[in-house]
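Peer 1: A predicted structure for the sequence below; I have some questions about it.
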Amino acid sequence: MVLTSGKQPGSPPDGPQTGADRWFFGHPRGLVTLFSVEMWERFSWYALQALLVLYLSDTAAGGGLGMERGTAASLVSAYGTLVYLLSVVGGWFADRLIGGRRSVLVGGVAIACGHYAMAVPTAWSTWAGLALIILGTGFLKPNAANVVGKLYRRDDVRRDAGFSLYYMGINIGALLGQIVGGWLGQGWGYHWGFSCAAAGMTLGLVQYVLGRRHLPDSADRPDAPLPPGRGARAARRAGAVVLALAVAGCVAGLTGTLTLEAGIDLITGVSVAVPVVYFVVMFASPRTERGEKSALAAYVPLFVAAAAFYTIFNQFSSVLTLFAAERTDAGLFGWHFPSSWFFAVNPGAGLLLAPLLASLWTRMGPRQPATSLKFGASLFFVGASFLLIPVAVALTQGDRVAAPWLVLVYLTQTVAELLLAPVGMAVTTRLAPRAFHGQTLAVWFCAPAMGAGIGAQLVRYYGKVSDLVYFGATGAAAILLGILIAAMTPWIRRRAGTLA
């Protein structure tokens with residue numbers, strides 16, 4: 001549900017805040033700026049996610065593009081893969097060239113333009129809009145949370161609470177985006193939902209421009225700038241590469257050299273290759289010490305578990321959205337609602353459950369379960385969520401599954417997410433080699449990217465095989481992997497010690 005910074009959130013020892021700025025619930029005024037822009041960005045993102053696979057797969061008469069369902073679901077998964085991969089690039093640009101504050105602004109402008117393009121009812125504007133949103137999200141998401149970290153000194157006791165408030169904004173935006181975007185898109189037309197997303201991101205941008213004076217000066221400076229003279233050259237080269245790829249993609253698409261299916265296959269291949277290269281480089285580097293290689297080996301099964309989790313979880317915007325629209329009775333006690341509202345259960349439940357789970361881990365302290373046990377439990381719950389679907393189909397009397405079944409599916413996935421996503425970054429920063437510390441979140445982002453890339457292949461089978469085979473086999477595989485990860489806890493602890 002949540003993307004975090006492209007690098008470990010933090011601020012230099014001489015950070016800008018002394019503790020005197022307590023304007024926003026005891027926190028710096030700049031937190032309002034970042035809270036709001038992130039809330040509206042998530043609003044626009046989830047308003048689009050609520051509708052995208054439906055729009056792609058609907059007939060031209062219904063206002064859609066008429067794609068085959070499996071292809072549409074696969075494209076939505078590939079779209080998510082590119083967002084995660086571009087976040088690595090956006091984080092690099094901020095760290096090395098333009099700083100976090102400008103990166104958030106550039107990203108926000110690109111996202112808003114992308115949603116305005118999506119609001120135009122033509123096929124070409126759809127592809128242009130998706131490309132702009134991918135690019136913009138890659139710049140905004142990896143850097144907004146990093147700027148939050150710069151609001152506080154490292155020893156500021158308000159830091160954790162500040163991030164909690166920030167992530168609350170993410171969940172609020174996700175919840176409202178699903179509800180408003182889904183209602184407009186399914187009730188009035190897809191492009192009304194896309195227009196709503198554009199308006200939301202515009203509000204976020206206006207607020208950001210008016211409030212960014214409250215952000216620290218350090219957010220304007222790259223954290224690891226390139227030497228003088230190299231920055232301009234790097235920017236020119238990056239621009240040339242992006243332009244060349246865009247031109248090559250357009251030419252390949254127009255000439256039929258690169259089909260949509262082949263492009264999705266290519267994205268899947270990249271999503272798998274990138275983390276493999278990352279791990280090979282870290283293991284082979286002479287800067288990685290022997291003890292760090294042992295800890296890195298312990299991290300590999302955790303990374304695989306995270307990728308497997310996101311293979312299932314990210315299907316909320318593809319397969320589960322189709323299942324909700326086509327196979328579920330979107331109504332409770334005689335009240336009917338847009339099927340896209342089902343996923344609003346996730347951010348809504350997250351707002352309620354996340355503080356409770358965080359409090360539980362705090363109370364347990366050193367007695368809390370090992371990371372591998374949390375990851376194993378996460379895979380168990382996300383697998384169980386898929387197993388619920390063929391059970392519901394078998395028990396239903398009629399063409400459509402009752403709404404409470406799908407609500408239960410999303411509640412189970414929310415529990416799974418809270419067991420894995422919040423601790424994934426923490427364990428990555430603990431187990432990654434010190435020489436690669438600045439890239440730890442880039443490594444972590446490779447897990448959801450890889451999961452979405454694999455999911456782009458898996459979702460093609462939805463509708464081509466029975467629900468028992470698709471949901472049952474996928475869910476059972478996740479549960480078995482979860483049991484394996486949990487069983488590996490002694491081995492992981494021997495390799496990583498208390499770090500895992």
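Peer 2: Ah, there it is. Numbering: from 1, shown residues only.
Peer 1: How many neighbouring residues does M168 have?
Peer 2: A total of 17 residues lie near M168 under the criterion other Cβ atoms under 10 Å. Glycine gets a C-beta too; all of them are placed from N, C-alpha and C.
Peer 1: isn't it right up against L351?
Peer 2: Yes: M168 is within contact range of L351, at 6.8 Å (criterion: Cβ atoms under 8 Å).
Peer 1: What ranges does the stretch 251-400 of the chain have for its helices?
Peer 2: 260-284, 290-313, 319-327, 345-364, 371-395 (DSSP state H, counting those that start in this stretch).
Peer 1: The second one packs against which elements?
Peer 2: Same thing as helix 290-313. helix 260-284, helix 371-395, helix 403-431, helix 440-458, helix 473-487, helix 489-496 (3 or more Cβ pairs under 8 Å, 6 or more residues apart in numbering; DSSP states H and E).
Peer 1: for it, which positions count as buried?
Peer 2: 292-293, 295-299, 301-313 (16 or more other Cβ atoms under 10 Å).
Peer 1: re earlier: deepest of the helices and strands packed on helix 290-313, which one?
Peer 2: helix 440-458 (a mean of 25; mean count of other Cβ atoms under 10 Å).
Peer 1: Following the chain past that helix, name the next helix or strand.
Peer 2: helix 467 (DSSP states H and E).
Peer 1: Output the contacting helices and strands for that following helix.
Peer 2: helix 371-395.
Peer 1: quick one: average pLDDT of the helix it packs on?
Peer 2: What helix 371-395 shows for mean pLDDT is 95.
Peer 1: the inter-axis angle of it versus helix 290-313?
Peer 2: 10 degrees (axes from the mean of the first three to the mean of the last three Cα atoms, to 10 degrees).
Peer 1: so who does Q457 touch?
Peer 2: S74, I264, D265, T268 (Cβ atoms under 8 Å, 6 or more residues apart in numbering).
Peer 1: go with 7 Å
Peer 2: By Cβ atoms under 7 Å, 6 or more residues apart in numbering, the contact list for Q457 reads T268.
Peer 1: so what's it scoring on pLDDT?
Peer 2: For Q457, pLDDT reads 95.
Peer 1: do the same with A47
Peer 2: Looking at A47, the pLDDT reads 95.
Peer 1: which residue packs closest to it, ignoring adjacent ones?
Peer 2: G181 (2.6 Å; Cβ to Cβ, 6 or more residues apart in numbering).
Peer 1: Averaged pLDDT, the helix or strand hosting the one you found. What do you get?
Peer 2: Here G181 sits within helix 159-188, counting by DSSP H and E. Averaged across helix 159-188, pLDDT comes to 86.
Peer 1: how near is the closest residue to R495 other than its chain neighbours to T489?
Peer 2: Distances taken as Cβ to Cβ, 6+ apart put A298 closest to R495, at 3.7 Å, once the chain neighbours are dropped. A298 is 10 Å from T489, where distance means Cβ to Cβ, to the nearest Å.
Peer 1: cool, A449 as well?
Peer 2: 26 Å.
Peer 1: who's in contact with G424?
Peer 2: A306, W444.
Peer 1: my guess is the residue nearest to A47 meets L52, correct?
Peer 2: No: in this structure, G181 is not within contact of L52 by Cβ atoms under 7 Å, at 10.2 Å.
Peer 1: between those two, who's got more neighbours?
Peer 2: G181 (30 against 24).
Peer 1: Could you pull up the residues touching that one?
Peer 2: Y46, A47, L48, A50, L51, G193, C196, A197.
Peer 1: try R230
Peer 2: No contacts exist for R230 under Cβ under 7 Å, 6+ apart.
Peer 1: Just the pLDDT for the residue nearest to Y462 when sequence neighbours are not counted.
Peer 2: In space, not counting the residues next to it along the chain, Y462 is nearest to V319; the distance is 4.8 Å by Cβ to Cβ, 6+ apart. We have a pLDDT of 95 for V319.
Peer 1: can you check E38 too?
Peer 2: 91.
Peer 1: quick check, P121 in a helix?
Peer 2: No: with DSSP: H, G, I helix; E, B strand; the rest coil as the criterion, P121 is assigned coil and is not in a helix.
Peer 1: my read: it touches G189, true?
Peer 2: No: using Cβ under 7 Å, P121 is not in contact with G189, being 8.5 Å away.
Peer 1: Among those two, which residue is more densely surrounded?
Peer 2: Remark: of P121 and G189, G189 carries more neighbours, 16 against 12, as counted by other Cβ under 10 Å.
Peer 1: Could you report the separation of the more buried one from S218?
Peer 2: Applying Cβ to Cβ to G189 and S218 gives a distance of 45 Å.
Peer 1: any idea which of the helices of the stretch 251-400 of the chain scores lowest on pLDDT?
Peer 2: helix 345-364 (a mean of 83).
Peer 1: What angle do helix 371-395 and that helix make with each other?
Peer 2: 140 degrees.
Peer 1: ok and the helix or strand where G136 lies relative to helix 403-431, angle-wise?
Peer 2: Element membership for G136 (DSSP H and E) is helix 123-150. Angle of helix 123-150 versus helix 403-431, following the same axes, to 10 degrees, is 50 degrees.
Peer 1: Show me what helix 123-150 is packed up against.
Peer 2: helix 30-49, helix 69-93, helix 99-118, helix 159-188 (3 or more Cβ pairs under 7 Å, 6 or more residues apart in numbering; DSSP states H and E).
Peer 1: Select, out of the ones you listed, the one closest to V276.
Peer 2: helix 69-93 (13.6 Å; Cβ to Cβ).
Peer 1: Next, the contact list for the nearest residue to A478 once chain neighbours are set aside, please.
Peer 2: In space, and not counting its chain neighbours, A478 is closest to G383: 3.2 Å by Cβ to Cβ, 6+ apart. G383 sits next to G475, A476, A478, I479, G482 when contact means Cβ under 7 Å, 6+ apart.
Peer 1: What of V272?
Peer 2: V272 sits in contact with M450, G453, where contact means Cβ under 7 Å, 6+ apart.
Peer 1: what about it, distance to P355?
Peer 2: 36 Å.
Peer 1: Walk me through the domains of the protein.
Peer 2: 26-221, 286-500 (automatic domain parsing).
Peer 1: got these as CSV, with distance to R236 columns?
Peer 2: Formatted as CSV, these follow (distance: least, Cβ to Cβ, whole Å):
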stretch, distance to R236
domain 26-221, 11
domain 286-500, 23
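Peer 1: Select, out of these, the one closest to L260.
Peer 2: domain 26-221 (6.8 Å).
Peer 1: Return the distance of that closest one from the chain's centre.
Peer 2: 10 Å (Cα atoms, centre = their mean, to the nearest Å).
Peer 1: Count the neighbours of the residue nearest to Q368 when sequence neighbours are not counted for me.
Peer 2: In space, and not counting its chain neighbours, Q368 is closest to W361: 5.0 Å by Cβ to Cβ, 6+ apart. As a burial measure, W361 scores 14 neighbours (other Cβ under 10 Å).
Peer 1: Next: T498.
Peer 2: Per other Cβ under 10 Å, the neighbour tally for T498 reads 8.
Peer 1: got it, and V241?
Peer 2: 10.
Peer 1: That one: what secondary structure?
Peer 2: V241 is classified as helix under three-state DSSP.
Peer 1: gap between it and W491?
Peer 2: For V241, the distance to W491 - Cβ to Cβ - is 41 Å.
Peer 1: need the contact list for the closest residue to A131 other than its chain neighbours.
Peer 2: Using Cβ to Cβ, 6+ apart and skipping the chain neighbours, the partner closest in space to A131 is G114 (7.3 Å). Residues near G114 by Cβ under 7 Å, 6+ apart: G129, L130, L132, I133, G136.
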